[in-house]
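Engineer: Show me how the following folds:
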Amino acid sequence: MIEGPYFVLAVLGVLGTGVMAGVFCTFSTFVMRGLAALPPAQGVAAMNAINRAAVGPAFMSVFLGTALLAVVIAAVTLAVWPKDAAVELLLGSGLYLIGSFGVTAAANVPRNDALLRLEPGSAEAADRWSAYVREWTAWNHVRTVAAAAAATAYVLALA
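Structural biologist: Below you'll find the predicted structure:
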């Protein structure tokens, strides 16, 4: 079992990635379904409002803080290479950084930015809405699974 600073880092990793898995899962399981059930103009307007709110301090501190923590865990693990749990710590960090943070930057944010450029009541917004919901949600499933798997890897590091 890991001890000392590694224990604290792993516990914080479990908490951060677990919270993010929950946020992502919430969107995949019912928020996006609810938005998809709205008329396109209302769905686009609501999602744009959510995307604007998401860049606030509450969400961003957990999302970016967990990414920073994953970098710290990986760097410390690579520098010291502890006898126990190195693989689990690196796996947890990699899963979050690539599967959650990376997918957000490469897949979800560009879709959000494109949606923000649309006028909610326009024909173009109506045409693009269903594809946006389908694609965004598919990538969000990836983020959900990656964050949950990262939390699991960090838990295994504690065992």
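Engineer: Going by C-alpha atoms from here, please, whenever you check contacts or count neighbours.
Structural biologist: Noted.
Engineer: Centre of the protein to the edge, which residue is at the far end?
Structural biologist: The outermost residue of the chain relative to its centre, with distances by CA atoms, centre = their mean, is Ala123 at 30.5 Å.
Engineer: Which pLDDT value goes with that residue?
Structural biologist: With respect to pLDDT, Ala123 has a value of 97.
Engineer: Quick one: the strands in the chain, in order.
Structural biologist: Taking DSSP state E as the criterion, the chain carries no strands.
Engineer: how many neighbours does the nearest residue to Thr66 once chain neighbours are set aside have?
Structural biologist: Leaving aside its sequence neighbours, Thr66 sits nearest to Gly16 (CA to CA, 6 or more residues apart in numbering; 5.2 Å). By the criterion of other CA atoms under 10 Å, Gly16 has 24 neighbours.
Engineer: dump the residue contacts of Gly16.
Structural biologist: Residues near Gly16 by CA atoms under 8 Å, 6 or more residues apart in numbering: Val62, Phe63, Gly65, Thr66, Ala151.
Engineer: Is it correct that the last one is in contact with Val11?
Structural biologist: Right, the one you point to is Ala151. No: with contacts counted by CA atoms under 8 Å, Ala151 stays clear of Val11, the gap being 9.3 Å.
Engineer: Counting neighbours, go ahead and name the busier of these two.
Structural biologist: Neighbour count, other CA under 10 Å: between Ala151 and Val11, Ala151 has more, with 30 against 16.
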